[in-house]
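Visitor: Give me the fold of what follows.
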Amino acid sequence: MHPALSIIAFTTLSGLGYGLAVMLGLGLLDPAAVATKIAWIAALAAIGGGLLSSTLHLGNPQRAWRAFSQWRSSWLSREGVMAVVTFVPLLMTAWACVIEGRQAVVPGLVGAVLSLCTVFCTAMIYASLKSVDAWHTRLTPACYLLFSLGGGAVAASFFAFCGGGNALWLPLVAIVALVGAWVVKRAWRQHLQATAPLSTPESATGLGAIGHVRLFERPHMTENYLTREMGFRIARKHAAKLWIIAMALGGVVPFVLFALLLAAGAQAGPGAALVAGLALASHVIGILAERWLFFAEARHAVMNYYGG
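Guide: Modelled structure (predicted):
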C-alpha cells in the first residue's frame, strides 16, 4: 500500500494527542501548573492537526463532511463522529485547567474514555478491511491503542519534568506502555510475515480448479489509481532496516532515557526536561517510521489482477 504522508501524520499526531489527553483527563498532571496548561494546548493542537491532515488525502477535501453520514456501517464515519463528540469533554476539561487551574473530574474521565474509543475507531478502519491480510487482525487496534497510551505517557512525562508534577509515576507508566506496545507490535509483524494470503490469483479469478493461474499480460500499460495506491512495494531488506530504526527510536531510546532519569532520582528541572524531550522526539520519529511500514508492507488483494 502507498504510505501517504498525510495519513501517516494523521495517525501519529492524533494518536499522540489522544494519548496525552487520556493522561491529562485522568488527572495525572497538576492542573495548576503552567506545564499542564501547555500540555492541554499541545494535546488539542496535535488532535486537531492530525484530523486536518487526514483531509489532505481526499480527492475532494471540501466534501469531507459527508463522511459523517455513514456512521451505521463505516468505521471512518464513526471515527469522525467520535472525534467531534470527544472534543466536547476535552474542551471542558482543558478550559477548567487552563483558565480555572483545576481538574474537571467527570469531563476528564469521559474525555479519556472517548479518546480511546476514537483511537479504536481509527484502528478499525484498517482492521475491518478483509482485503488487506496484514491489517485484518485484532492486533491492529491493540497496537494503535497501546501506542497512543505509550506516546501519551511519554509526552506527559516530558511535561511532568517541565514542572507538571508526577515526575516519578508517569515515566514508569510510559516504560510499561512502551514495552507492551512494542511487544504487541512485534507479534503483529510476525503475523504479517507468517500469514499466507487468503486471496490468490486462483481465488480472485475463480480459475483455481483448473490449475495454477499466472498473468499473461497486465490489464493496461499505464498506471492508474489502483497501481499507485495499492501496488506500492518495499524491498524486504529496507523494511528490516526501517523496523530496527522504528523500534530503536520509538521504544528503546525512550525506555533507556526514562530508566536513567528514574535511576538518578531526577526531579522536575531543565536537565531532566531536556532528557525527557529527547525521549519524546525520538519516540515520535520512531512512530513515524512504524506507521510508514504499516502501510508500505501491507498488500491489497486487488493486486492479484496486476501480477502482485
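Visitor: Which residue ranges of this protein form helices?
Guide: 5-25, 34-54, 75-98, 105-127, 139-159, 169-194, 201-205, 225-229, 236-247, 253-263, 270-296 (DSSP state H).
Visitor: List the buried residues in the third one.
Guide: The reference is to helix 75-98. Along helix 75-98, these residues count as buried under the neighbour rule (16 or more other CB atoms under 10 Å): 75-83, 86-87, 89-90, 92-94, 96-98. Placement of C-beta: from N, CA and C, glycine included.
Visitor: List the contacts of the nearest residue to Ala33 once chain neighbours are set aside.
Guide: The shortest distance from Ala33 to any non-neighbouring residue, by CB to CB, 6 or more residues apart in numbering, is to Gly164 (4.7 Å). By CB atoms under 8 Å, 6 or more residues apart in numbering, the residues touching Gly164 are Leu29, Asp30, Ala33, Ala35, Thr36, Ala39, Ala156, Ala268.
Visitor: One more pass at 6 Å, please.
Guide: Residues in contact with Gly164 (CB atoms under 6 Å, 6 or more residues apart in numbering) are Leu29, Asp30, Ala33, Ala35, Thr36.
Visitor: try Ile175
Guide: By CB under 6 Å, 6+ apart, Ile175 lies in contact with Phe255, Phe258.
Visitor: pLDDT score for it?
Guide: As predicted, Ile175 sits at a pLDDT of 96.
Visitor: ok, now Ala196?
Guide: At Ala196, the model reports a pLDDT of 67.
Visitor: hmm, back to that, closest one to Val213 among the helices of the chain?
Guide: helix 201-205 (4.2 Å; CB to CB).
Visitor: Take the contacts of Gly164 and write them to JSON lines, including distance to His136, neighbour count and pLDDT.
Guide: Compiled in JSON lines, the contacts of Gly164 are given as follows (distance: CB to CB, whole Å; neighbours: other CB atoms under 10 Å; pLDDT from 0 to 100):
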{"residue": "Leu29", "distance to His136": "37", "neighbour count": "27", "pLDDT": "94"}
{"residue": "Asp30", "distance to His136": "43", "neighbour count": "18", "pLDDT": "93"}
{"residue": "Ala33", "distance to His136": "44", "neighbour count": "19", "pLDDT": "94"}
{"residue": "Ala35", "distance to His136": "41", "neighbour count": "18", "pLDDT": "95"}
{"residue": "Thr36", "distance to His136": "40", "neighbour count": "26", "pLDDT": "95"}
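Visitor: Let me know the closest of those residues to Leu274.
Guide: After measuring the contacts of Gly164 against Leu274 - CB to CB - the closest member comes out as Ala35, at 13.9 Å.
Visitor: thinking again about what came up before, worst average pLDDT in the helices of the chain?
Guide: Taking the mean pLDDT of these, helix 225-229 comes last: a mean of 66.
Visitor: Test my guess that Gly15 contacts Gly150.
Guide: No - counting by CB atoms under 6 Å, Gly15 sits too far from Gly150 to count as a contact (9.3 Å).
Visitor: Turn the contacts of Gly164 into TSV, columns for distance to Gly208.
Guide: TSV is the format used below for the contacts of Gly164 (distance: CB to CB, whole Å):
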residue	distance to Gly208
Leu29	58
Asp30	63
Ala33	64
Ala35	61
Thr36	60
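Visitor: residues in contact with stretch 37-47?
Guide: With CB under 6 Å, 6+ apart as the test, stretch 37-47 has contacts from Leu13, Ser14, Leu16, Gly17, Leu20, Ala21, Leu24, Ala94, Cys97, Val98, Phe159.
Visitor: Can you report how many residues lie near the residue nearest to the last one when sequence neighbours are not counted?
Guide: Think Phe159. Distance criterion CB to CB, 6+ apart; nearest residue to Phe159, sequence neighbours excluded, is Ala39 at 4.2 Å. Residues lying near Ala39 (other CB atoms under 10 Å) number 26.
Visitor: ranking the helices of the chain by burial, who's on top?
Guide: Counting by mean count of other CB atoms under 10 Å, helix 139-159 has the highest mean neighbour count of the helices of the chain, with a mean of 27.
Visitor: any chance of the helices of the chain in CSV, with distance to Ser69 too?
Guide: CSV is the format used below for these (distance: least, CB to CB, whole Å):
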stretch, distance to Ser69
helix 5-25, 20
helix 34-54, 17
helix 75-98, 7
helix 105-127, 16
helix 139-159, 24
helix 169-194, 32
helix 201-205, 31
helix 225-229, 24
helix 236-247, 36
helix 253-263, 40
helix 270-296, 26
